[in-house]
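> The following comprises the amino acid sequence and a computationally predicted model.
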Amino acid sequence: MFNIKKVIKARKRLNFITSTLFKLFQINLRYKEKRKDYGIELFEYFYLPWKVEEKFNNYFESIKYYTLNPKSRLFTIYEMSKRYLIPGTSYVEVGCWKGGVTGLVALENKHKEVDYFICDTFAGVVNSSQHDTFFKDTEYSNASIDDVKEVQNISSQQFNIIKGVFPESMEKINLDKPISFAHIDVDTYISAKESLEYILSNAIKGAVIILDDYGGWFTDGVTTYGNELKLNKHLFVVPNHLGQLIIYKI
Ligand SMILES: C[S@@+](CC[C@H](N)C(=O)[O-])C[C@H]1O[C@@H](n2cnc3c(N)ncnc32)[C@H](O)[C@@H]1O
């Protein structure tokens, strides 16, 4: 079964399939990727707990029309929130779109007396720069405060809905409780950097921040920023290779 020659042969076949798939993507997009550190990889990883956990799947059914995130990433947020969202603290999501991620966190953590801050421009992506190959601003401008209010009703928790470009949008907002857990899903280098800096300066030691878009092809600016964070001595930073960078404030 574990014959090395067979393993090498199987990996060669997999490599052929993934590189063909990546070429097809590029043809479809009419874009030629020259960077060698981008591509498609089928990780030799087979554990998919999000397929079987009943409570998670029930929550997912109630918020699935309010999030763009795949189940695998939602499961990371759901699971980590149980341990790292501390009672009596604040939770922040920057780039909430229609609010499904915060809805999921609120459903799971009802008993914790958490202040929820759920932030978006509600006018789409901003701050695209030379770091971002694909995003040019205004993408995802189809979400509204009313969508987030629907999620608020589903989770029956009170949300502080913050409209505007984060972190300027927080200028007049006082956080009564420090942040212990946050989700950043903003697609561009500058927005990711400014969001994380605000969150870290208002967070407890041991806070966990999940940076979405890390490793995404279209969100390469966030990947660049995430790589810079790996050198930051105040943080412990781990990519989970599902498209999220897990950041722990030391
Ligand atoms: C991919 S969507 C977020 C998806 C969402 N988290 C979900 O689970 O469906 C990116 C969002 O980030 C928002 N955004 C980007 N930069 C922002 C910033 N600096 N301040 C506030 N919102 C921002 C955009 O308006 C957009 O709704």
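Structure received.

> What number of neighbouring residues does Ala123 come out with?
14 (other C-beta atoms under 10 Å). C-beta coordinates here come from the backbone N, C-alpha and C atoms, glycine included.

> Please name the nearest non-neighbouring residue to it.
Ser141 (5.4 Å; C-beta to C-beta, 6 or more residues apart in numbering).

> What segments of this structure are strands?
Applying DSSP state E to the chain gives strands spanning 90-94, 115-120, 159-163, 179-184, 203-212, 235-239, 244-249.

> what about the residue in the chain positioned nearest to the ligand, how many neighbours?
Residue nearest to the ligand within the chain (C-beta to the nearest ligand atom): Gly95, separated by 2.8 Å. Around Gly95 there are 24 other residues, counting by other C-beta under 10 Å.

> And for Tyr38?
Tyr38 sits with 14 neighbouring residues when counted by other C-beta under 10 Å.

> these two touch, right, it and Trp217?
Yes - here Tyr38 reaches Trp217: they are 5.8 Å apart, a contact under C-beta atoms under 8 Å.

> any common contacting residues for those two?
Counting by C-beta atoms under 8 Å, 6 or more residues apart in numbering, Tyr38 and Trp217 have no contacts in common.

> quick check: mean pLDDT across the longest helix along the chain?
Criterion DSSP state H: the longest helix present in the chain is helix 4-29. The average of the pLDDT scores along helix 4-29 is 96.

> Near the ligand, which residues of this protein are found?
Within reach of the ligand by C-beta under 6 Å from any ligand atom, the chain has these residues: 67-69, 94-97, 100-101, 119-121, 124-127, 140, 143, 165-166, 185-187, 191.

> Buried ones in stretch 146-156, by neighbour count?
Residues of stretch 146-156 classed as buried under the neighbour-count rule (16 or more other C-beta atoms under 10 Å) are Asp147, Val148, Val151, Gln152, Ile154, Ser155.

> swap in stretch 180-194?
180-194.

> End to end on it, go ahead and measure it.
End-to-end distance of stretch 180-194 (C-alpha to C-alpha, to the nearest Å): 18 Å.

> Any idea how far that stretch is from the middle of the chain?
8 Å (C-alpha atoms, centre = their mean, to the nearest Å).

> Rounded mean pLDDT for that stretch, please.
98.

> doesn't Leu104 make contact with Gln157?
No - using C-beta under 8 Å, Gln157 is not in contact with Leu104, being 11.3 Å away.

> if you count what's nearby, which of these two comes out ahead?
Of the pair Gln157 and Leu104, Leu104 is the one with more neighbours under other C-beta under 10 Å, namely 28 against 19.

> Any regions of this structure where pLDDT drops low?
Applying pLDDT under 70 to the chain flags no residue at all.

> Check it and tell me which residue is nearest its centre.
Asp212 (2.4 Å; C-alpha atoms, centre = their mean).

> residues contacting it?
Going by C-beta under 8 Å, 6+ apart, Asp212 touches Asn69, Arg73, Gly95, His183, Ile184, Asp185, Val222, Gly243, Gln244.

> again, but for Asp132
Neighbours of Asp132 in contact, by C-beta under 8 Å, 6+ apart: Asp187, Thr188, Tyr189, Thr219, Asp220, Gly221.

> was I right about the second one contacting Ser128?
Yes - with the criterion set as C-beta under 8 Å, Thr188 and Ser128 qualify as a contacting pair; they are 5.1 Å apart.
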